[in-house]
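# take a look and give me a structure for this.
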Amino acid sequence: MKKRKKIAAFAAGAAVLAAAGVYLGVSYYYSSHFFPKTVLNGLNCAGLSVEQVKDKIQSQILGYTLTLEERGGQTEQLTGDQLGLKYVDDKKVEALMEEQNPFAWPLYMVKQNNKEVAANISYSAETVTQLLDTLQCFSPELVTAPEDAKITDNGTAFEITPEVEGNTLKREETESAVKEAIDTGKTTLNFEEAGLYEAPAVRADDETLNNQVNQMNTLTAANITYDFVDQQFVVNRDVLKDWLVQDGEGNYTLDETKAAAWVRHMAYETDTFGLAHTFKTSLGPTIELKGGGDYGWVINKDKTTAALLEAVRAGTQGAMEPVYLYSANDRSKNDIGGTYVEICISQQKMWCYKDGQLVVETPVVTGSHATGYDTPAGSVWAIDGKKSDYDFTLYTAHVMFWLPFNDQVGIHDSDWRSEYGGNIYLTNGSHGCINTPYDAAEKIFNTVGIGDPVIVYYSLDDVVGPQPTQKNTQDTSIAN
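Numbering: from 1, shown residues only. The predicted model follows:
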């Protein structure tokens, strides 16, 4: 029995010694190898030596992929192999090994041992630059620049064309972001989220832009017509677009100088005051009266411009009349109209029309040719005044009907005469006035008014004829 007990004790001791030997042996092994279930930076490092772990880290680095997520759903990749990534031994793996207690290995047979260590890597910055140059996102033919939202004309109104985002990357910022992603071990880099795209400076919701388009549409909304019977001048959107200008604060206004120029052009095309006139005579033929009279239309350009600008700003729709300095009877190019007095000196005749109907046809006596008091002829003049029971101030002469039309030259009755027409005017004419029989003078006086035209021509062949060499004064032909 004693012998068997000694054998059992010896066996137990041997077993303990064997177990102790195994424990110490395994402990010794884990003094240079990582415990089971050791994971370092996601790598299974169980039972690996420091050098083996470093080799695995290098392999991991070379297998690194950075996915670049681009606008429009496109992706591109940079690999560790392309980048030439290298593990830089900073002894951190050795430090982890030194922290490991090799005698605690039995605990880690079942316990997870996760470790993290910053892997110090190196790569060439120049290589990154070169690789970026090869990416499609930097290919000029595939890159669209951003565009600001802007005001455009669709033909009927101004509108805002939205901005274009484009896909132009900020080169320097993108390169820095890629390097940072590599340095920190990121596997994806979203360019949009990182704010790496060039952006439009002005977007469609920009308050200033919306105010401007509203101003432009408001200032071009008017549609105004100046109707001159046989021609029209229209201020509409097409015209007003050219008048838009911006002030120092970017607000749109109307260029008043352009509006004034437009009115000047309209006046140039339609003013008739003192200009030549085509006239169909009572004798039949049509003659060309020279310029120089004082009858016709004259637009007051300053007041017309001011009224036009006010109407445009109010968005006026419809017809407007110019403001006139002088007016005539008809707004068409033939402004004489149907109510006028016609005098032919060579025929010593005068006609008066009312609304195109002949009211008076009468012989007259005009200015004396022999004494140089010829009645001015060849133009159209406007009746300047209308006086009844009138006394001339410089001479003893009284008339019942006085219609001056050219300074002191006018139409009046002349009861001192008993004969009219013929060649009386050549030697015994007036001082320039149109001496008229009483009844005819009365009818004419009651037919025409101030501003109505008086057409005076010498003959059909010579509308101007002899002009006065003596200054006309108030008529004193009573002496004749």
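# can you map out the helices along the chain?
Under the criterion DSSP state H, the chain contains helices at 2-29, 50-62, 80-83, 92-99, 125-133, 171-183, 207-219, 237-240, 256-270, 301-313, 424-428, 438-447.
# wait, which of those is closest to Arg331?
Shortest distance between Arg331 and those, using CB to CB, is found for helix 256-270: 8.2 Å. (Glycine included, C-beta is placed from N, CA and C.)
# residue ranges with poor pLDDT in this protein?
Scanning the chain for pLDDT under 70 picks out 5, 7-16, 117-119, 394, 472-480.
# which residue ranges make up the domains of it?
209-270+294-326, 340-479 (automatic domain parsing).
# re earlier: among the helices of the chain, which is nearest Asp148?
helix 207-219 (8.7 Å).
# report the buried residues of the closest one.
209, 212-213, 215-217, 219 (16 or more other CB atoms under 10 Å).
# also stretch 187-197?
189, 191, 194, 196-197.
# now the residues you listed in TSV, with distance to Val234?
As requested, these are exported to TSV (distance: CB to CB, whole Å):
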residue	distance to Val234
Leu189	60
Phe191	54
Ala194	56
Leu196	53
Tyr197	48
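# return the subset of these lying in strands.
Leu189 (DSSP state E).
# what's the closest of the buried residues of stretch 187-197 to Lys170?
Leu196 (5.6 Å).
# tell me the contacts of that closest one?
169-170, 173-174, 177 (CB atoms under 8 Å, 6 or more residues apart in numbering).
# which residues does the residue lying closest to it once chain neighbours are set aside contact?
Excluding the flanking residues, the one nearest Leu196 by CB to CB, 6 or more residues apart in numbering is Thr174, at 4.8 Å. Thr174 makes contact with 132, 191, 196, according to CB under 8 Å, 6+ apart.
# any idea how far Ser459 is from Thr174?
Distance of Thr174 to Ser459, computed by CB to CB, to the nearest Å: 93 Å.
# cool, and Leu254?
52 Å.
# do the same with Glu419
Per CB to CB, Glu419 is found 21 Å from Ser459.
# of these two, who's got more company?
Between Glu419 and Ser459, Ser459 has the larger neighbour count (other CB atoms under 10 Å), namely 16 against 10.
# what's Val448 in contact with, if anything?
Contacts of Val448 by CB under 8 Å, 6+ apart are 339-341, 352, 354, 383, 403.
# dump those into a markdown table; add distance to Asp227 as well.
A markdown table is the format used below for the contacts of Val448 (distance: CB to CB, whole Å):
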| residue | distance to Asp227 |
| --- | --- |
| Thr339 | 21 |
| Tyr340 | 23 |
| Val341 | 28 |
| Cys352 | 29 |
| Lys354 | 25 |
| Ile383 | 26 |
| Leu403 | 31 |
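# ok so, going back, out of the buried residues of helix 207-219, who's nearest Ala370?
Closest to Ala370, out of all of these and judged by CB to CB, is Leu219, at 66.0 Å.
# ok, now how distant is that closest one from Gly155?
Distance from Leu219 to Gly155, by CB to CB: 17 Å.
# and for Tyr425?
Tyr425 is 66 Å from Gly155, by CB to CB.
# between those two, which one's more packed in?
Legend: neighbour count by other CB under 10 Å for Tyr425 and Gly155, higher for Tyr425 (25 against 7).
# find the nearest non-adjacent residue to the more buried one, please.
Nearest to Tyr425 is Thr366, by CB to CB, 6+ apart, at 4.7 Å.
# try Pro162
That would be Ala204: by CB to CB, 6+ apart, it lies 4.3 Å from Pro162.
# list the contacts of Thr286.
Counted by CB under 8 Å, 6+ apart, Thr286 has contacts 278-280.
# now rank the residues you listed by neighbours and give me the top one.
Neighbour-wise, the contacts of Thr286 (other CB under 10 Å) top out at Phe279, 19 neighbours.
# wait, it sits on Leu289?
Yes: look at Phe279 against Leu289 with CB atoms under 8 Å: they come within range, at 5.5 Å.
# overlap in contacts, those two.
380, 455, 457.
# okay, now the nearest residue to Pro466 once chain neighbours are set aside: neighbour count?
Distances taken as CB to CB, 6+ apart place Asp374 nearest to Pro466, at 4.6 Å, with adjacent residues excluded. Counted with other CB under 10 Å, the neighbours of Asp374 add up to 24.
# now the one 5 residues further on
Other residues within reach of Ser379 by the criterion other CB under 10 Å amount to 23.
# quick one: it from Ala328, how far?
According to CB to CB, Ser379 stands 14 Å off from Ala328.
# what's Gly465 sitting at in phi/psi?
For Gly465, the backbone dihedrals (degrees, to the nearest 10) come out as phi 60, psi -170.
# and which of the contacts of Thr286 is nearest Gly432?
Phe279 (21.2 Å).
# ok, now which ones touch that closest one?
286-289, 336, 380, 455, 457.
# of these, grab the buried ones for ChimeraX.
Restricted to buried positions by 16+ other CB under 10 Å, the ChimeraX selection for the contacts of Phe279 reads:
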select :287,289,336,380,455,457
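# return the subset of the contacts of Phe279 lying in strands.
Using DSSP E, the contacts of Phe279 in strands are 286-289, 380, 455, 457.
# now, the most widely separated pair of those?
Checked with CB to CB, the ones in strands among the contacts of Phe279 reach their widest spread between Thr286 and Val380, with 14.1 Å between them.
# from the contacts of Phe279, which is closest to Asn236?
When those are ranked by distance to Asn236 (CB to CB), Ile336 comes first, at 31.2 Å.
# who's in contact with the closest residue to the closest one other than its chain neighbours?
Once flanking residues are discounted, Ile336 sits nearest to Pro453: 5.1 Å by CB to CB, 6+ apart. By CB under 8 Å, 6+ apart, the contact set of Pro453 is 295, 328-329, 336-337, 340-341, 380-383.
# from these, list just the buried residues.
For these, buried by 16+ other CB under 10 Å: 295, 328-329, 336-337, 340-341, 380-383.
# save the residues you listed as JSON lines, and put in distance to Asn236 too.
What follows is the buried ones among the contacts of Pro453, written out as JSON lines (distance: CB to CB, whole Å):
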{"residue": "Tyr295", "distance to Asn236": "32"}
{"residue": "Ala328", "distance to Asn236": "27"}
{"residue": "Asn329", "distance to Asn236": "29"}
{"residue": "Ile336", "distance to Asn236": "31"}
{"residue": "Gly337", "distance to Asn236": "29"}
{"residue": "Tyr340", "distance to Asn236": "36"}
{"residue": "Val341", "distance to Asn236": "41"}
{"residue": "Val380", "distance to Asn236": "34"}
{"residue": "Trp381", "distance to Asn236": "38"}
{"residue": "Ala382", "distance to Asn236": "34"}
{"residue": "Ile383", "distance to Asn236": "38"}
